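Asker: What follows is a predicted protein model with its sequence.
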Amino acid sequence: MKLFPSVLLACGGVILFTPPAQAQTFPVNTMPAWKSYMATGNPSDIVSSPAVAAAIGPKVDAINGQSLGQTLRNAVISATEISIPANPSIPTCPVASCPTTEGAGGPVMTAFSSYGSTTLGPQWEYQGYFGLYMNTGRDSATGGIAAPGAKMAAYFGAMQDTQSGPGWGINWNISRNFSPSTGSNTLYGQPGSGTMNAAGGMAANMSTIGAEGDLNNADLDCNGQDGCFIVNEFLNTTSRFTSLAGIFFGASSGQTVASYHDGIFIGGKANGGTADVASDNDIMSEGGGVYGYHSAGSHSVAGIFSESAGQHDVLLTGPSTSSNLNIVSSTSVAKIVINGSSSVGDVIVNTSSPTNVFSVQGTHTGMSAYQDQSTSAAALNASGSYTTAAITTANATNTKIAFTAAPEQEICFASSDKCVEYDGTKLVYSSGNTRLFSIDNSGNMTLSGALTQNGTPCSRRSCHICRRSMRGIWSRSSPS
């Protein structure tokens, strides 16, 4: 293990500094001011054994030695184990915790701390690096994530006992466009404490990334087959009780702007990539929660917004026990609103069902169960195959009027040529522009042809016989 250029031991803890590059001078260690008796001939220069022992005592033994306040330069430690037994004792200054007031617990203390400053230009620089080459353990593995022979480059573990305060397993913080603070309790201006620079101080194209996880799969296409488990991040629990959330996004108290434009952004080809992020589902849920997706809060436009260029914006195929779509709301102005234009239809139903295609229930006082205010060729076009009737009101037994029409509106048959209308004073039957009979509000009937008593009305098959027998027989008056 190779440490940083300078190491400082303090109170049993370790704090690592990486100073800017500087000229290295050879260290000068303490030594007695002894002189050789053979050179001086002065008996007082003869050193006694106790004096020699006292001078050797503060030096570090090569084996099982101890030291205090040592400074190591360009040190190489070939140890299999380094133990730091002391409790946290080094004052540090993380963002939003510096300086911590005595009322809030006092200064932040750590057992191990590492601070540094970059010194290079175009080269990459790491403050710390952990690397592990893994090429053993295959024969002991049984598959899955808890297999014997598992390897990992780094592990962070924390445990909270009954008297613990708030706990974190790991925490990172990156501050964009900040400068280190100076003064007391700022750890000499090291990163952690800081002050904001003037807005726009950094180059706009310089990225800021809180954490990055790179997964490079050069082995196989894994979709869970044969027990394969290849993921970039895995969140697992071993709990006795249910926790609040697996991932929770928040904003600090006092923040006056939104944290992100998009809480979760899934990129791919659409934003310059050469491949899509997911081949099957951008988000997949096989959970057993009450809701697969729950949108709450205050969304100024919509809880769900789709601009997908695929075949469908929403595709519902699940074997739901009640309904594929259920809208329950008592405060919305409208439940479903469809705007825009379409080439084949706004709502198309192509199902096989033993019940009603549309079933309108509930109470709609003062309005209609169905209302059409469009500009169309027809409000209703019944062009299917119906075993009973195209329109039936037989089951509306508590409704007196089955159909209403405004004066001078026509009810037409035979491609809109044979029509019945009420013109405000009488009911009129017409063929084209010719009125054939009418009956007024007093019951007076006027015919354009003859009236046959005890005759047989024409059927579809015998109408041509009726027309032939009645040809030339007309009344002298014409319906007005």
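Answerer: Sure, I can see it. Numbering: from 1, shown residues only.
Asker: what sits against Thr136?
Answerer: Neighbouring residues of Thr136 by CB atoms under 8 Å, 6 or more residues apart in numbering: 149, 151. Using the backbone N, CA and C atoms, a C-beta is placed for each residue, glycine as well.
Asker: before we move on, what about Ser385?
Answerer: Neighbours of Ser385 in contact, by CB under 8 Å, 6+ apart: none.
Asker: what kind of secondary structure is it in?
Answerer: coil (DSSP: H, G, I helix; E, B strand; the rest coil).
Asker: Look up how far Gly288 lies from it.
Answerer: 43 Å (CB to CB, to the nearest Å).
Asker: quick one, phi psi at Leu72?
Answerer: phi -110, psi 130 (degrees, to the nearest 10).
Asker: If it is in a bridge, with which residues?
Answerer: Beta bridges link Leu72 to Val7, judged by DSSP bridges.
Asker: pLDDT score for it?
Answerer: Note on Leu72: pLDDT of 77.
Asker: burial of it, as a residue count?
Answerer: Residues lying near Leu72 (other CB atoms under 10 Å) number 16.
Asker: and the residue most central in space within the chain, what helix or strand is that in?
Answerer: Residue closest to the mean C-alpha point of the chain, counted by CA atoms, centre = their mean, is Ile264 at 4.5 Å. In the assignment (DSSP states H and E), Ile264 maps to no helix and no strand.
Asker: do Pro27 as well
Answerer: For Pro27, there is no host helix or strand (DSSP H and E).
Asker: Help me confirm that it comes into contact with Arg73.
Answerer: Yes - assessed by CB atoms under 8 Å, Pro27 is found in contact with Arg73 at 6.7 Å.
Asker: of these two, who's got more company?
Answerer: It is Arg73, of Pro27 and Arg73, that has more neighbours when counted by other CB under 10 Å, with 11 against 8.
Asker: From Gly287, how far out is the more buried one?
Answerer: Going from Arg73 to Gly287 by CB to CB gives 56 Å.
Asker: From Thr30, how far out is Ser49?
Answerer: For Ser49, the distance to Thr30 equals 20 Å [CB to CB].
Asker: Equivalent analysis for Ser306, please.
Answerer: As for Ser306, its distance to Thr30 is 76 Å (criterion: CB to CB).
Asker: shouldn't Ile391 be in contact with Ala382?
Answerer: Yes - Ile391 lies in contact with Ala382 (CB under 8 Å); the separation is 6.9 Å.
Asker: All the strands of the chain, residue numbers only.
Answerer: 6-10, 13-18, 71-73, 90-92, 108-110, 112-116, 178-180, 194-196, 410-413, 418-422, 426-431, 434-440, 445-447 (DSSP state E).
Asker: quick one: least confident helix or strand in the protein?
Answerer: strand 6-10 (a mean of 37; mean pLDDT, DSSP states H and E).
Asker: so what's Glu408 closest to, chain neighbours aside?
Answerer: Nearest non-adjacent residue to Glu408, counting by CB to CB, 6 or more residues apart in numbering: Asp423, 5.6 Å away.
Asker: same thing with Ala55?
Answerer: Sequence neighbours aside, Pro32 is the residue nearest to Ala55 in space, at 4.9 Å (criterion: CB to CB, 6+ apart).
Asker: Check the offset of stretch 283-295 from the chain's centre.
Answerer: Distance of stretch 283-295 from its chain centroid, counting by CA atoms, centre = their mean, to the nearest Å, is 12 Å.
Asker: Any buried residues in it, and which?
Answerer: Residues of stretch 283-295 include none that count as buried (16 or more other CB atoms under 10 Å).
Asker: What mean pLDDT does that stretch get?
Answerer: Per-residue scores along stretch 283-295 average to 92.
Asker: Kindly report the same for stretch 455-475.
Answerer: 50.
Asker: what do you get for stretch 440-449?
Answerer: 92.
Asker: One more: stretch 100-109?
Answerer: The average pLDDT within stretch 100-109 is 75.
Asker: Buried residues of it, list them for me.
Answerer: So, applying 16+ other CB under 10 Å, buried residues of stretch 100-109: 100, 107-109.
Asker: circling back to that earlier point, how about the strands of the chain, which one is nearest Gly273?
Answerer: With respect to Gly273, and counting by CB to CB, the nearest of the strands of the chain is strand 178-180 at 30.8 Å.
Asker: residues near Asp346, how many?
Answerer: Neighbours of Asp346 (other CB under 10 Å): 10.
Asker: Identify the residue spatially nearest to it, adjacent ones excluded.
Answerer: Ile338 (5.2 Å).
Asker: From Gly250, how far out is that neighbour?
Answerer: 37 Å.
Asker: And Gln225, by the same measure?
Answerer: Counting by CB to CB, the separation of Gln225 from Gly250 is 38 Å.
Asker: State the number of residues packed around the nearest residue to Ile247 once chain neighbours are set aside.
Answerer: Leaving out its chain neighbours, the residue that sits closest to Ile247 by CB to CB, 6+ apart is Leu235, at 7.5 Å. Neighbours of Leu235 under the rule other CB under 10 Å: 7.
Asker: For Pro32, see how far away Leu235 is.
Answerer: Distance, Leu235 to Pro32, by CB to CB: 62 Å.
Asker: try Gly116
Answerer: From Gly116 to Pro32 the distance is 38 Å (CB to CB).
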